[in-house]
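[1] kindly generate the corresponding structure for this input.
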Amino acid sequence: TGTNLTDGDIAVPSGFSVGGLTVEGCVIGTSAGSFTDPGAAGSDGSGVALQGVTGTQSVIQNNLFGYLDELAVSILSSDNVVVSGNESLNVGQGSNLYVDAMSAEGGSSTVEFSGNLIDGAPGNGISLWQTGGSHLIRNNTINNVGSGGAQTAGVAVFGTGSTIDRNVITSNAGPGVIGVGLNPAGGAYSWPVAVDNRISQNTFGSNGGLAIDLTESSDNEVNHEQGDGVTLTPGTSATTGNNGLDAPAITGATTDTVSGTSCSGCEVEVYRAVSGAGDAGYGEGVEYLGTASADGGGSWSLTGIVGLVGGDDVSAIAIDASNDTSEFAANVTLPPDGYRDEFNAVAYSGSDGTLDWTPNPWTEAGETTDPSAGHVQVVTTAECESTSCLRLGASTDGEPGRGAVRVVDLSTASYATLTFDWRYHPEPTGFWGGSARLRVFDGTSWTTRQTFGESNLESSLDSESWDLMPYQDANTQILFEISNWADGYIYFDNIHVE
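    Residues are numbered from 1 along each chain as shown. Predicted coordinates for the structure are as follows:
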């Protein structure tokens with residue numbers, strides 16, 4: 001207790017099968033006064049290494065580990081050990097690229113890792129390498145591990161029946177959690193599939209792989225050490241991590257309700273998700289939102305969600321009765337807040353936001369309302385951002401006063417911002433010679449907010465934003481119209497009132 005070991009580790013080797021040990025309040029691997037790298041004078045071993053320790057509970061708690069050549073904590077063939085409240089910073093300073101920050105290995109069981117801060121290691125943050133299982137990994141923060149490139153997970157799960165919950169696992173080189181599949185290679189590098197491991201209510205983000213990666217059976221150990229990507233198994237697979245439990249499917253999502261399908265009777269945890277470079281749009285779950293229960297047919301719905309806004313992504317994981325946990329579902333993006341028209345069809349009734357705009361479709365000014373004909377149309381062309389967009393003009397002599405107008409009820413709004421994308425395309429000779437404009441009606445009179453003419457035409461999509469609160473009314477109207485004779489077209493897309 002309370003020891004500063006700059007150059008050494010605390011080891012209980014095989015043959016001393018004693019329990020009831022306590023290592024507490026020590027600074028190991030660096031100076032207690034400065035916490036700096038001691039260099040060659042530092043430890044070439046692990047901070048605390050227990051082997052064959054069984055019986056009465058042993059505790060490793062509230063220690064500070066730093067700049068060790070090997071692991072902060074190594075538990076081998078031991079059980080009933082609690083590793084809690086420690087800090088492990090910049091361990092694995094030697095040449096071994098496989099060094100984890102903390103591990104329970106080789107038949108160890110009932111080891112608890114709780115409330116630890118792990119920042120920096122060439123290997124995994126916490127590894128359960130070839131263990132029997134029944135471990136608890138809870139409330140740890142695991143960042144910036146896997147720098148050696150060989151073993152890259154925040155948590156590597158082997159064995160059966162462990163719980164990994166309420167951890168913050170971010171900014172690691174590989175996946176957040178790997179649940180290993182069967183490795184039939186034979187010899188030291190073979191192992192059974194990891195199953196019945198509960199992975200619940202963790203916070204992920206900015207990891208280099210999937211938040212949860214259940215690897216398929218392979219004799220290539222690299223797949224299990226670094227993850228093998230999204231596993232889209234139809235139904236379970238007994239040789240894939242956690243039996244290859246299928247991820248749920250999200251079929252509907254709003255800011256307060258997410259619903260979908262999953263395995264019958266499974267728990268479904270719903271998350272706000274932020275997709276990163278390594279997850280291909282499956283997670284990562286950055287915020288746990290709540291748990292729903294799937295019925296006998298697999299349908300589920302989580303209601304009363306708080307904190308989501310339009311444009312957020314959501315994802316989900318499934319947990320079955322055996323605690324097998326799936327990978328993350330494909331992300332679904334919530335509709336943007338407010339009224340929005342992305343012109344996904346040749347129609348004037350588009351409503352792609354959280355508020356229903358269909359009761360107030362676009363109507364044409366100066367000509368008969370028809371989205372497929374005239375000087376004002378919805379067209380499908382490469383000039384649009386995606387599928388279709390609103391087009392004003394004509395190949396020759398687009399007439400002033402022709403346009404498209406839409407009502408938006410702002411009577412109860414506390415703020416209102418109009419955004420849209422636009423571009424022009426001259427026809428047929430490259431000469432524009434006219435202009436268009438945006439006008440806004442406040443219930444009493446019209447105000448011109450922007451003019452699109454020769455001085456500010458864009459050959460590529462440009463984005464604009466205008467405050468609509470000065471025009472707040474139950475009958476606020478926005479109008480895009482030709483304001484001068486025109487030879488050519490202006491295109492408007494993604495018209496959004498937030």
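[2] how about the contacts made by S103?
    Applying C-beta atoms under 8 Å, 6 or more residues apart in numbering to S103 gives the contacts 71, 73-75, 124, 126-129. For every residue, glycine as well, the C-beta is placed using N, CA and C.
[3] out of those residues, which are inside strands?
    Secondary structure from DSSP state E places 73-75, 126-127 of the contacts of S103 in strands.
[4] next, count neighbours for G304.
    Applying other C-beta atoms under 10 Å, we find 8 residues neighbouring G304.
[5] surely it meets T255?
    No. Applying C-beta atoms under 8 Å as the test, G304 and T255 come out as separate, 11.0 Å apart.
[6] beta partners for V48?
    Beta bridges link V48 to I10, V73 when assigned by DSSP bridges.
[7] any idea of the pLDDT on it?
    V48 carries a pLDDT value of 93.
[8] please name the residues that touch it.
    Listed by C-beta under 8 Å, 6+ apart, the contact set of V48 reads 9-11, 23, 28, 60, 63, 72-74.
[9] dump the ones in strands among the contacts of S103 to CSV, plus neighbour count, pLDDT and distance to T36.
    What follows is the ones in strands among the contacts of S103, written out as CSV (neighbours: other C-beta atoms under 10 Å; pLDDT from 0 to 100; distance: C-beta to C-beta, whole Å):
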residue, neighbour count, pLDDT, distance to T36
V73, 31, 96, 21
S74, 23, 94, 24
I75, 27, 94, 28
I126, 31, 98, 25
S127, 27, 97, 27
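[10] now, among the residues you listed, which is nearest to Q477?
    Nearest to Q477 out of those is I126 (C-beta to C-beta; 59.3 Å).
[11] surely that closest one meets R138?
    No. Shown here, I126 and R138 do not form a contact pair, counting by C-beta under 8 Å, at 10.9 Å.
[12] which neighbours do these two have in common?
    Residues within reach of I126 and of R138 at once, by C-beta under 8 Å, 6+ apart, are F113.
[13] out of the contacts of V48, which end up buried?
    Listed as buried from the contacts of V48 are 9-10, 23, 28, 60, 63, 72-74; burial here means 16 or more other C-beta atoms under 10 Å.
[14] which of those residues sit farthest apart?
    Distances among the buried ones among the contacts of V48 were taken as C-beta to C-beta; the most separated pair is N63 and S74, at 13.5 Å.
[15] S237: which of the buried ones among the contacts of V48 is nearest?
    For these, the nearest to S237 is S74 (32.2 Å; C-beta to C-beta).
[16] follow-up on the earlier one: same list, the contacts of S103, but as a markdown table with distance to V270 please.
    Formatted as a markdown table, the contacts of S103 follow (distance: C-beta to C-beta, whole Å):
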| residue | distance to V270 |
| --- | --- |
| L71 | 35 |
| V73 | 34 |
| S74 | 37 |
| I75 | 34 |
| N124 | 27 |
| I126 | 25 |
| S127 | 29 |
| L128 | 27 |
| W129 | 32 |
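[17] how about the helices in this protein?
    For the chain, applying DSSP state H gives helices covering 221-226.
[18] got phi/psi on G181?
    Backbone torsions for G181, taken as degrees, to the nearest 10, come to phi -90, psi 180.
[19] contact partners for A101?
    Residues in contact with A101 (C-beta under 8 Å, 6+ apart) are 71-73, 88, 91-92, 118, 120-121, 123-126, 142, 145.
[20] how about 7 Å then?
    A101 sits next to 71-72, 88, 91, 118, 121, 125-126, 145 when contact means C-beta atoms under 7 Å, 6 or more residues apart in numbering.
[21] ok, now S388?
    Contacts of S388 by C-beta under 7 Å, 6+ apart are 343-346, 378-380.
[22] filter those residues down to just the ones in strands.
    378-380.
[23] let's have the residues you listed in CSV, adding neighbour count and pLDDT.
    Shown next, in CSV, are the ones in strands among the contacts of S388 (neighbours: other C-beta atoms under 10 Å; pLDDT from 0 to 100):
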residue, neighbour count, pLDDT
V378, 23, 97
V379, 16, 96
T380, 13, 95
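[24] so which of the residues you listed is the closest to V53?
    Of all the ones in strands among the contacts of S388, V53 sits closest to T380, with 70.1 Å by C-beta to C-beta.
[25] report the separation between the closest one and V168.
    From T380 across to V168, the span is 46 Å (C-beta to C-beta, to the nearest Å).
[26] cool, and G94?
    Note on G94: its distance to V168, by C-beta to C-beta, is 27 Å.
[27] same question for P335.
    Using C-beta to C-beta, we find P335 at a distance of 29 Å from V168.
[28] next one: V268
    Per C-beta to C-beta, V268 is found 22 Å from V168.
[29] same check on D100?
    Noted for D100: a distance of 18 Å to V168, by C-beta to C-beta.
[30] run through the residues that contact the residue lying closest to T152 once chain neighbours are set aside.
    Nearest non-adjacent residue to T152, counting by C-beta to C-beta, 6 or more residues apart in numbering: G174, 2.7 Å away. Contact analysis of G174 by C-beta under 7 Å, 6+ apart lists 146, 152-153, 207-209, 226-227.
[31] quick one: which of those residues is most hemmed in?
    Each of those was scored by neighbours using other C-beta under 10 Å; the highest score is A153's, at 34 neighbours.
[32] wait, that residue touches P175, no?
    Yes. Using C-beta atoms under 7 Å, A153 is in contact with P175, at 5.1 Å.
[33] could you list the buried residues of stretch 60-79?
    By neighbour count on 16+ other C-beta under 10 Å, the buried set for stretch 60-79 is 60-61, 63-79.
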